[in-house]
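Q: build me a model:
(3 chains)
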Amino acid sequence: MNLLSIDDLDREAIERITDHAARFAEVSDREIKKVPTLRGRMVLNLFYEASTRTRGSFELAAKRLSADVVNFAADGSSVEKGESLKDTVLTLNANKPDAIVVRAPWVGTAELVSGWTDAAVINAGDGKHEHPTQALLDVYTLKRRLGKLDGLGIWIVGDVAHSRVARSNIVAFQRMGAHVTVCGPPTLIPRGIEALGCDVRFTLDEVAGADVVYALRMQHERMADAPVPSLREYAACYQINERRLTARQILMHPGPVNRGVELSGGIVDSPQALITAQVQAGLVVRMAVLYTLLSGPRAQAPLPEPQLA
Amino acid sequence: MNLLSIDDLDREAIERITDHAARFAEVSDREIKKVPTLRGRMVLNLFYEASTRTRGSFELAAKRLSADVVNFAADGSSVEKGESLKDTVLTLNANKPDAIVVRAPWVGTAELVSGWTDAAVINAGDGKHEHPTQALLDVYTLKRRLGKLDGLGIWIVGDVAHSRVARSNIVAFQRMGAHVTVCGPPTLIPRGIEALGCDVRFTLDEVAGADVVYALRMQHERMADAPVPSLREYAACYQINERRLTARQILMHPGPVNRGVELSGGIVDSPQALITAQVQAGLVVRMAVLYTLLSGPRAQAPLPEPQLA
Amino acid sequence: MNLLSIDDLDREAIERITDHAARFAEVSDREIKKVPTLRGRMVLNLFYEASTRTRGSFELAAKRLSADVVNFAADGSSVEKGESLKDTVLTLNANKPDAIVVRAPWVGTAELVSGWTDAAVINAGDGKHEHPTQALLDVYTLKRRLGKLDGLGIWIVGDVAHSRVARSNIVAFQRMGAHVTVCGPPTLIPRGIEALGCDVRFTLDEVAGADVVYALRMQHERMADAPVPSLREYAACYQINERRLTARQILMHPGPVNRGVELSGGIVDSPQALITAQVQAGLVVRMAVLYTLLSGPRAQAPLPEPQLA
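A: Coordinates of the predicted model:
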């Protein structure tokens, strides 16, 4: 059982994971936060992109569940020695891990990996393609705040073209009953994205109609071909700030924020921003994903009462 | 409860930590050295400077206490992506760690971090400012050798200006009843350092009066503005060697030693050098610090009998 | 007790380790693969060369045995700060680890390290010299396939001169009763290698007489002085492929493979290739080595029935 794409999960599966996450959130309020659920299990982190947040979040999630974790980073010897991705994965698989968490700059990496291993494979971001645990933690965060997503209007604003978060979240939000609109400069909105079922806007003129505004990070490092004339101009047209957001609207962002670019500094720290809640959700949602993938049939049954480690 | 500066600790608190360390040193002589004291606790190492010794020492200390450890290194993605220190810490804090161990090249980093997290923050070195666990392990080492520091004359020799060790140790040694003299070339002694209560000498002429000589490492990498004409000239005037140290005097150094610069090779290996004892003290003192900060009120009570893991 | 060279082990010791490995292989087929054998023990990985495979294999082996692991990588601060190998090891030793696993580009590193520590030292590769756990896993793999090595003819083909694998395997295979022939271009066969008891051939003309063909990796990165005119020419003369290998012969390779250089792509995936089995053997053989070195006298006795963690 893998988590390669948010498309792998129907609404019921998403509900089940977010329910598990809520249970783990209760455990996280105890003094001892570790549970023995995955004792004896081995999780490998295979990261071909540096990522303090996501790698750390998966490592912490696995350790809180009492699993062992071994990290493999891309700048290791395998790339130097010209070892292919396939050979690396076959080598890792020979150690019979229970799960492999993969992040890579290449679209489809996690899916390729899943063909070469018996371990559960979790896509922790594959290029511009997908980042399903981000979508799950965003759904979880919205459910905690609003109870449900049905009927919500959610605007996803910014660099949709380079965003794996956007791609996973459009699918997840719609599957949970929300209506999604993507908004950004034409150079940053992929042609034909309407095929995913969302609306497209090139200005923020109608953003007042949204219940939730989900701002994307400007990925400087991926913008080699300069799709916007300048960050200043981008901010002038698309920055979410106190002037554009009304008090009843909710703000989300996958982090880390470029203050003064896609968001104003003030709005980041306002009570309507769920950004901190999103980060907190990362740990418990990833615990829930590991639990669901690694506890086998039991994961269909109610979550066992967590015991103190 | 944090350990940001040696100034946070009065004499009684220092005594308590070194007493705990002595208990852990007994455990370290057993075949199984691990104790379950901090089982279920999570320690994050946040290192913005490479440091094999200190990072490893904290990681080992935490694991010997059965805590889990997750390492975050500075050369990770957060710096690349322009993530601010604050955002990084808020993200880490969202995972509800029990302790964050911070090393950074910037003065005051640990204190800043402590404002953004509920975890216990331990300063593992902040620029030229402080390195409180080094001071604690040096006090512990001297107590083990001499019983107490009261009335001792301690000379701290060398690059005082660039040394966080010097700054923490001047305070700690004096708090434990010693009299401290700092000695080095005028370019490497900060003006006004007498305000800390120590004497200042610019030559080793009177070093024979010292009970303990604490030589500092020459920090080549921090000496961009060439405060001494050459290492050869520095060594001629300030090197501690067999000629300058009498057999009754004790030698200390925070490591790693530049043999032939601040110390002669022979003196490093002499029985009057406590350098190896200092290194050994690092582990048990850091165990004692983690124990004191993370066991809450119990840390005031006698240390529980360590059980085999 | 150390494992510095395959020469440290007589035939009986090799048999004992491979028997232990077979026991651990049974455990690896269970759902929970972790055993409590080395609970409370501390293993340090000291790697002065990047190595995803070997470092990961030792880390996994130690964790499956419930030991704790701390990694020290070469690109850390110690090299930057000019810390000597000796100082580094003395520092690590002060923490009283149970085992230190060492890889370094310098011949004799593990042996040097063993002089500075009371921990068990395991050589995980020292320059062009030795890689004893690779030899053990290769012996184990052949025993699993063929029952024994006595009387086998084994050809080791390729870049013998730069290969620590070749040096360890020539000794190990012979000690187990096999007859070894090394084969490669004269520039890649060290003069006087016959002194180890093996035959030498400069062409593959007689390779049909071998029971096992062990192809070595072409170490591009070590071939600064261009000992072969081109990889194309090398492949023409020495590549093991479907044309040169008969169906009854067994193929081995230490990985990672340069497909199209020392091996054809097709032969890598053929049933006569034991390459995947070799990789799988790495974990259980390293578990057996850690068990043998760290369980003390008990390691001479039968392996205790592994309990679930």
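Q: for the rest of this, base every contact and every neighbour count on C-alpha atoms.
A: Noted.
Q: buried stuff in stretch A:91-98?
A: Judged by neighbour count (16 or more other Cα atoms under 10 Å in any protein chain shown), stretch A:91-98 contains these buried residues: A:91, A:92, A:93, A:94, A:95, A:96, A:97, A:98.
Q: what is the end-to-end distance of that stretch?
A: End-to-end span of stretch A:91-98 (Cα to Cα, to the nearest Å): 14 Å.
Q: what about the strand or helix carrying residue A:121 and chain B, any contact?
A: In this structure, residue A:121 is located in strand A:120-126 according to DSSP states H and E. No. Interface with chain B: strand A:120-126 contributes nothing (Cα under 8 Å from any Cα of the partner chain), its closest point being 14.0 Å away.
Q: any idea of the angle the following helix or strand past that strand forms with strand A:120-126?
A: The helix or strand immediately downstream of strand A:120-126 is helix A:132-146, counting by DSSP H and E. Taking axes from the mean of the first three to the mean of the last three Cα atoms, to 10 degrees, one finds helix A:132-146 and strand A:120-126 inclined to each other by 90 degrees.
Q: and helix A:132-146, average pLDDT?
A: This predicted structure assigns helix A:132-146 an average pLDDT of 98.
Q: now stretch A:251-271
A: Averaging pLDDT along stretch A:251-271 gives 92.
Q: could the C-alpha coordinates of that stretch be exported in PDB?
A: What follows is stretch A:251-271 as a C-alpha-only set of coordinates in PDB (Å, rounded to 0.1, in the frame of the first residue of the first chain):
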ATOM      1  CA  LEU A 251      -5.600  32.400   4.900                       C
ATOM      2  CA  MET A 252      -3.400  29.400   4.300                       C
ATOM      3  CA  HIS A 253       0.200  28.900   2.900                       C
ATOM      4  CA  PRO A 254       2.400  25.800   2.700                       C
ATOM      5  CA  GLY A 255       5.500  27.600   4.000                       C
ATOM      6  CA  PRO A 256       8.100  28.800   4.200                       C
ATOM      7  CA  VAL A 257       6.600  32.200   3.500                       C
ATOM      8  CA  ASN A 258       8.400  34.900   1.500                       C
ATOM      9  CA  ARG A 259       7.200  37.900   3.700                       C
ATOM     10  CA  GLY A 260       6.500  40.900   1.500                       C
ATOM     11  CA  VAL A 261       6.100  38.800  -1.700                       C
ATOM     12  CA  GLU A 262       3.100  36.500  -1.800                       C
ATOM     13  CA  LEU A 263       2.000  37.600   1.700                       C
ATOM     14  CA  SER A 264       2.400  40.800   3.600                       C
ATOM     15  CA  GLY A 265       4.200  40.400   7.000                       C
ATOM     16  CA  GLY A 266       1.100  41.600   8.900                       C
ATOM     17  CA  ILE A 267      -1.300  39.100   7.400                       C
ATOM     18  CA  VAL A 268       1.000  36.200   8.200                       C
ATOM     19  CA  ASP A 269       0.700  36.900  11.900                       C
ATOM     20  CA  SER A 270      -3.100  37.600  11.900                       C
ATOM     21  CA  PRO A 271      -5.600  35.300  13.600                       C
END
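Q: give me the contact list for that stretch.
A: Where contact means Cα atoms under 8 Å, 6 or more residues apart in numbering or on different chains, the residues beyond stretch A:251-271 that reach it are A:134, A:158, A:165, A:212-218, A:231-232, A:234-235, A:238-242, A:272-275, A:278, B:83, B:87.
Q: packing partners for the host helix or strand of residue A:213?
A: For residue A:213, the host element (DSSP H and E) is strand A:212-215. When contacts are defined as 3 or more Cα pairs under 8 Å, 6 or more residues apart in numbering or on different chains; DSSP states H and E, strand A:212-215 sits against strand A:153-157, strand A:250-252.
Q: let's see that with 10 Å instead.
A: With contacts defined as 3 or more Cα pairs under 10 Å, 6 or more residues apart in numbering or on different chains; DSSP states H and E, the secondary structure elements packing on strand A:212-215 are strand A:153-157, helix A:164-175, strand A:179-183, strand A:250-252.
Q: which residues touch the residue of the stretch 201-309 of chain A found nearest chain B?
A: Among the residues of the stretch 201-309 of chain A, residue A:280 lies nearest to chain B; the distance is 4.6 Å by Cα to the nearest Cα. Under the criterion of Cα atoms under 10 Å, 6 or more residues apart in numbering or on different chains, the neighbours of residue A:280 are A:25, A:57, A:137, A:141, A:274, B:90, B:91, B:92, B:93, B:94, B:95, B:96.
Q: next, the angle helix A:132-146 makes with the longest helix along chain A.
A: In chain A, taking DSSP state H as the definition, the longest helix is helix A:275-294. Counting by the same axes, to 10 degrees, helix A:275-294 lies at 120 degrees to helix A:132-146.
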